[in-house]
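> Generate a structure from the sequence data that follows.
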Amino acid sequence: MAFEFPKDSYSGKIVEVTLGAGAKAKKVGGQNAMPLCNFEGVFPNRPLVAMEVYDKPEATETWPQAAKEPFADVLADPLAWAKKCLDQYGADLICLQLKSTDPNGQNTSADEAAALVKKMAEALPVPLIVWGSENTEKDAEVLAKAAELCQGMNLLLGPATEDNYKKIGGAALGYGHTIVAQTPIDVNMAKQLNILLTNLGVPMDKILMDPSTGALGYGIEYSYSVMERDRLTALKQGDDKMQLPLICDVAKYCWKTREAGISEAEEPTFGPAKTRGVLWESITATDLLTAGADVLILRHPESVRIVKKIIDDVMA
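This is a model prediction of the structure:
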């Protein structure tokens, strides 16, 4: 008697979302079963791996040496950095982190930041994720300006939160972009923000959810359980307000952990610093992939290689 996988059934389906426009466009979502359970349903689009690029090199000053080393020759040039991520390291997407716009830091103007966004969006052959400094007021100003300057390019703009979703959502709606809806790690809060955005007029196929995540050893279990509940709510319960792809900004949380950043001189028993950081990022990303992430934002090229190999293996 042949073995048959026990299969579950689901009433819901994740919305398919297009990132980018024209020949650059890529799709995420569209699946109708729980993460990586290919034998239970249809998975038309594989998860995507984005690599982060920072607008100004000052943002990398606190990075461990192992994280900076692969980009040492391009840290001062965001476009060259992005092209290296694509041409040498195989990124599917680029996430431009506008860290310098933080008013508590360099306070780069919205006009300057938006000009860089346009330059990057026009030059790169893949969709562009544009991530603010996570200062809600400044992000609303910066992302709205970028949306206007890049009309029709279908950028992925975020994070939009309950405090600034109206301005970011309105700009995305008016100029043809997609939104990252970010909430603290909570299913009900995620649903509420999705409702607010759709009430504003943003279509469901123009939203990705960022449930907020922790790194390995720093809240990954809670992150996983909430993302799993997000998926069960969407697929098993058929809640149409939760049937959106998930994006996880993995890199910045992993590389600031003590284990990834501490030197071998300070902790010789921890082993090689480069290996530690890559493992911390790769394991965190793999955990979030199994929890339902459709887009993962990573930093180190070796982490990208490992995670993409895992995606290839499980999606085969």
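
> How about residues contacting stretch 78-94?
Residues from elsewhere that reach stretch 78-94 (C-beta atoms under 8 Å, 6 or more residues apart in numbering): 19, 26, 48-51, 53-55, 70-71, 73-75, 96, 116, 119-120, 123-129, 295, 301, 304-305, 308. (Glycine included, C-beta is placed from N, CA and C.)

> In helices, which of the residues you listed appear?
Under the assignment DSSP state H, the contacts of stretch 78-94 contribute 116, 119-120, 123, 301, 304-305, 308 to helices.

> Among the residues you listed, which one is most surrounded by other residues?
Sorting those by how many neighbours each has (other C-beta atoms under 10 Å) puts V304 first, at 24 neighbours.

> The spatially closest residue to H177 that is not a sequence neighbour - how many residues pack around it?
In this structure, H177 finds its nearest non-sequential neighbour in L155, 4.8 Å apart by C-beta to C-beta, 6 or more residues apart in numbering. When neighbours are defined as other C-beta under 10 Å, L155 has 30 of them.

> likewise N38?
13.

> wait, what's in contact with the residue nearest to H177?
L155 neighbours (C-beta under 8 Å, 6+ apart): 117, 121, 127-130, 146-147, 177-178.

> Look at I195 and tell me its secondary structure.
Secondary structure assignment for I195 (DSSP: H, G, I helix; E, B strand; the rest coil): helix.

> my bad, D205
Applying three-state DSSP: D205 is helix.

> how near is it to G29?
8 Å (C-beta to C-beta, to the nearest Å).

> Please enumerate the strands of the stretch 101-250 of the chain.
128-131, 156-160, 178-182, 207-210, 246-249 (DSSP state E, counting those that start in this stretch).

> Give the other helices and strands that the third one contacts.
With contacts defined as 3 or more C-beta pairs under 8 Å, 6 or more residues apart in numbering; DSSP states H and E, strand 178-182 has these neighbours: strand 17-19, strand 156-160, helix 165-175, helix 187-200, strand 207-210.

> will you turn these into TSV that also has mean pLDDT, distance to G90 and mean neighbour count?
Converted to TSV, the helices and strands packed on strand 178-182 look like this (pLDDT from 0 to 100; distance: least, C-beta to C-beta, whole Å; neighbours: other C-beta atoms under 10 Å):
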stretch	mean pLDDT	distance to G90	mean neighbour count
strand 17-19	98	17	22
strand 156-160	98	19	26
helix 165-175	98	28	21
helix 187-200	98	30	17
strand 207-210	98	21	24
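
> Assess the claim that L235 and M34 are in contact.
Yes: the pair L235 and M34 qualifies as a contact (C-beta atoms under 8 Å) at a distance of 6.3 Å.

> Need the residues touching each of those two.
Y10.

> Neighbour count for these two, which is higher?
L235 (27 against 19).

> From V28, how far out is the more buried one?
16 Å.

> likewise M120?
In terms of C-beta to C-beta, M120 sits 20 Å off from V28.

> Alright, calling it a day.
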